[in-house]
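**Q** quick one, structure for this:
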Amino acid sequence: MKIKDQKACLIIPVENQVRELDPKLLLACIAVKRGFSVIIGSHREIDFRMSSFPRSLYLNKSMTERNLKMFRIMQKMGHEILTWDEEALVHLPEETYYSRRLSPIAIRYNSHLFAWGEDNAELWRRYPHIPANMPIHVTGNPRSDMLRPEMRSFYEPEAEEIRKTYGRFILVNTNFNHVNAFFPAQNLFRPAGPGEEPQFGKAAVGMSREFAEGLRNHKEANFEAFKKLIPILDQAYPEHKIIVRPHPTENQQAYMDIANGCQRVQVTNEGNVVPWLMATDVVIHNGCTTGVEAYMMGVPAISYRAWIDETYDMGFYRLPNLISHQCFDLDQLQTALTKIFRGELGVADGVERQALVNHYLAAQDGPLACERIVDVLEQKMKSRPVLPKPPLRDLIAGRVYANYRRIYKNIKQYLPGTHAPPVFHRHRYPGISLQELLSRTDKIQRALGDVSEIKAEQISDQIFLIQP
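**A** Next up, the predicted model:
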């Protein structure tokens, strides 16, 4: 791997391929046009190979206790960490968010933070342990860039293929990964034996037991409501297919079982959600970020709130619920669907909804969020063009710790009870070929009107280097 002697190298890890890869490739293309080199690929594999990369700006996506080991390793090797939070658009109530998503130690390893919008920035500013003078940039997020009109040509071929394959369809997006996780250990509570008190699973980290139990009850009730809803939609709307798109970390089996007893129900996690939104007549969700994405794209969205608990519906899922048509029972839902199919009801709109979105989401027009992020990176490198070289002792220690962590993680994933066995990592990041990556960067450049040449090479099974 040979990095050109340009500006500092960026490392852009991707945890969830279908959700994050395309937006982060957009960020990579814009950064490369400005002279940066970019290492991009599987988050897990990038962290495993950290000792082989040059000193870089590492664009991270969370600041939790689980990040601490890698933050310490990266600091010792001379990398600089800059972070946004993928979960800060539709976020938990303030105190629960702080205990779950922010570590008072981990946040100190960051030099800059990038906020989705003013709501996210205010949330961080109120954090009692935020370091003094921490730069918070209200840039927007790469994921929201892919929803903007100028980027939709990137997904149009996929959307057209979906239309040809499925015809008219209702998109049902679920987010019950807290109670229907890919593996039981990832739920809010782990399975318990008779007479045993359930222990916290991965999803409950940072929550009080009272909050976690209430969220579990709320999620389980709505999960059951959606399982009942799907076959009803199948029977009631024969002119539509029903496409069920589970959350990326959900177990799909419950939906597969339902689909096996229906005529027009199909379950898929294929690709990014944006082309599916472009192709659908309507999306049904319950407090899902997809409701925000649908609003931004002018797609009618219904939040089906069959089971109501305002602690979670408005304390956690306020944004997607308020900018969707809210239906509280089947009659209301079917009335709304009929009006949408007749063209009598469109996207949930209005001045108040737009004002709410404006508070939560920056970069809806003007420069893309990715451009604003790269502006910050460029300005940063002007004041310090070369990242400082760490002391030799720290560099050696960082490499030793990195290699020890890689070996430990590779062993741990095969142990009983792990929340992330190999099959889960393959599900979350199945991988992409160099040819497919080049096809995607070419489509991004065409959408941007960018005629500059870039070079991409595969430096490991799941990691790529993109350069001018």
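**Q** just checking, Y360 touches A115?
**A** No - Y360 sits out of contact with A115 when judged by Cβ atoms under 8 Å, with a separation of 10.0 Å. For every residue, glycine as well, the C-beta is placed using N, CA and C.
**Q** ok, the two, which is more surrounded?
**A** Neighbours of Y360 and A115, each counted by other Cβ atoms under 10 Å, are more numerous for A115; the result is 23 against 20.
**Q** can you show me the strands along the stretch 251-400 of the chain?
**A** Shown for the stretch 251-400 of the chain, the strands assigned by DSSP state E, counting those that start in this stretch span residues 265-267, 282-285, 301-304, 325-327.
**Q** in contact with the residue located most distally from the centre of the chain, which residues?
**A** Most distant from the centre of the chain: G195, at 37.1 Å, with distances by Cα atoms, centre = their mean. By Cβ atoms under 8 Å, 6 or more residues apart in numbering, no residues touch G195.
**Q** T268 too?
**A** So T268 contacts I243, V244, R245 (Cβ under 8 Å, 6+ apart).
**Q** reformat the strands of the stretch 251-400 of the chain as JSON lines; add distance to Y401.
**A** Listed next are those as JSON lines, based on distance: least, Cβ to Cβ, whole Å:
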{"stretch": "strand 265-267", "distance to Y401": "41"}
{"stretch": "strand 282-285", "distance to Y401": "42"}
{"stretch": "strand 301-304", "distance to Y401": "45"}
{"stretch": "strand 325-327", "distance to Y401": "49"}
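**Q** among those, which is nearest Q354?
**A** Across the strands of the stretch 251-400 of the chain, Q354 has its closest neighbour in strand 301-304 (14.6 Å, Cβ to Cβ).
**Q** hmm, who's touching that closest one?
**A** Counting by Cβ under 8 Å, 6+ apart, 222, 225-226, 229, 282-287, 290-291, 294-295, 317, 320-321, 323-327, 333, 336-337, 347-348 sit against strand 301-304.
**Q** only C-alpha atoms, please: export that strand in PDB.
**A** Taking Å, rounded to 0.1, in the frame of the first residue of the first chain, the C-alpha atoms of strand 301-304 are listed here in PDB:
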ATOM      1  CA  ALA A 301     -44.900   7.900   5.600                       C
ATOM      2  CA  ILE A 302     -47.200   6.400   8.300                       C
ATOM      3  CA  SER A 303     -46.100   5.900  11.900                       C
ATOM      4  CA  TYR A 304     -48.200   3.000  13.000                       C
END
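**Q** please identify the buried residues of it?
**A** A301, I302, S303, Y304 (16 or more other Cβ atoms under 10 Å).
**Q** now do stretch 161-174
**A** Buried-residue list, stretch 161-174, by 16+ other Cβ under 10 Å: I162, Y166, F169, I170, L171, V172, N173, T174.
**Q** those residues in strands, which ones?
**A** F169, I170, L171, V172, N173 (DSSP state E).
**Q** including pLDDT, could the residues you listed go into TSV?
**A** What follows is those, written out as TSV (pLDDT from 0 to 100):
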residue	pLDDT
F169	98
I170	98
L171	98
V172	98
N173	98
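**Q** ok, those vs V205, which is closest?
**A** Distances from V205 to these, taken by Cβ to Cβ, are shortest for N173, at 24.4 Å.
**Q** ok, the closest one to T441 distance?
**A** Distance, N173 to T441, by Cβ to Cβ, to the nearest Å: 27 Å.
**Q** what's the pLDDT at K412?
**A** K412 carries a pLDDT value of 76.
**Q** that one: how many residues sit nearby?
**A** Residues near K412, counting by other Cβ under 10 Å: 11.
**Q** do you know how far it is from A336?
**A** Using Cβ to Cβ, K412 is found at 47 Å from A336.
**Q** now swap in D281 and tell me
**A** For D281, the distance to A336 - Cβ to Cβ - is 12 Å.
**Q** which residues of this structure score low on pLDDT?
**A** 1-7, 415-420 (pLDDT under 70).
**Q** show me which of D281 and A336 is the more surrounded one.
**A** A count of neighbours by other Cβ under 10 Å puts A336 above the other of D281 and A336, at 21 against 16.
**Q** show me what contacts that one?
**A** I302, H325, C327, L345.
**Q** from the contacts of T268, which land in strands?
**A** Those of those lying in strands (DSSP E): I243, V244, R245.
**Q** dump those to CSV, plus neighbour count.
**A** Shown next, in CSV, are these (neighbours: other Cβ atoms under 10 Å):
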residue, neighbour count
I243, 22
V244, 25
R245, 27
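**Q** name the nearest of those residues relative to M77.
**A** Among the ones in strands among the contacts of T268, and counting by Cβ to Cβ, the member closest to M77 is R245, at 39.0 Å.
**Q** how near is that closest one to V282?
**A** Taking Cβ to Cβ, one finds R245 at 13 Å from V282.
**Q** between the two, which contacts overlap?
**A** Shared contacts of R245 and V282, counting by Cβ under 8 Å, 6+ apart, come down to L171.
**Q** domain ranges for this protein?
**A** 9-147+365-467, 164-360 (automatic domain parsing).
**Q** isn't I463 up against E45?
**A** Yes - I463 sits in contact with E45 when judged by Cβ under 8 Å, with a separation of 5.7 Å.
**Q** quick one, what contacts the closest residue to V283 other than its chain neighbours?
**A** Spatial nearest neighbour of V283, chain neighbours left out: L171 (4.4 Å); criterion: Cβ to Cβ, 6 or more residues apart in numbering. With contact taken as Cβ under 8 Å, 6+ apart, L171 is in contact with I243, R245, W276, L277, T280, V282, V283, I284.
**Q** ok, now how distant is the last one from C327?
**A** Pointing back at I284 there. 9 Å.
**Q** equivalent analysis for the second one, please.
**A** As judged by Cβ to Cβ, R245 and C327 stand 19 Å apart.
**Q** what comes into contact with stretch 392-402?
**A** By Cβ under 8 Å, 6+ apart, stretch 392-402 touches 47-48, 50-51, 69, 72-78, 389-390.
**Q** can you give me how far stretch 282-294 is from the chain middle?
**A** 14 Å (Cα atoms, centre = their mean, to the nearest Å).
**Q** what's the span of it, first residue to last?
**A** 9 Å (Cα to Cα, to the nearest Å).
**Q** same check on stretch 451-461?
**A** Stretch 451-461: ends 28 Å apart by Cα to Cα.
**Q** how about it: buried residues?
**A** I454, A456, Q458, I459.
**Q** follow-up on the earlier one: reformat the contacts of stretch 392-402 as CSV; add neighbour count, secondary structure and distance to D234.
**A** Output for those, formatted as CSV (neighbours: other Cβ atoms under 10 Å; DSSP: H, G, I helix; E, B strand; the rest coil; distance: Cβ to Cβ, whole Å):
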residue, neighbour count, secondary structure, distance to D234
D47, 19, helix, 43
F48, 20, helix, 44
M50, 24, helix, 48
S51, 16, helix, 52
K69, 17, helix, 47
R72, 16, helix, 52
I73, 22, helix, 50
M74, 24, helix, 49
Q75, 16, helix, 53
K76, 20, helix, 56
M77, 22, coil, 54
G78, 17, coil, 56
K389, 10, coil, 62
P390, 17, coil, 59
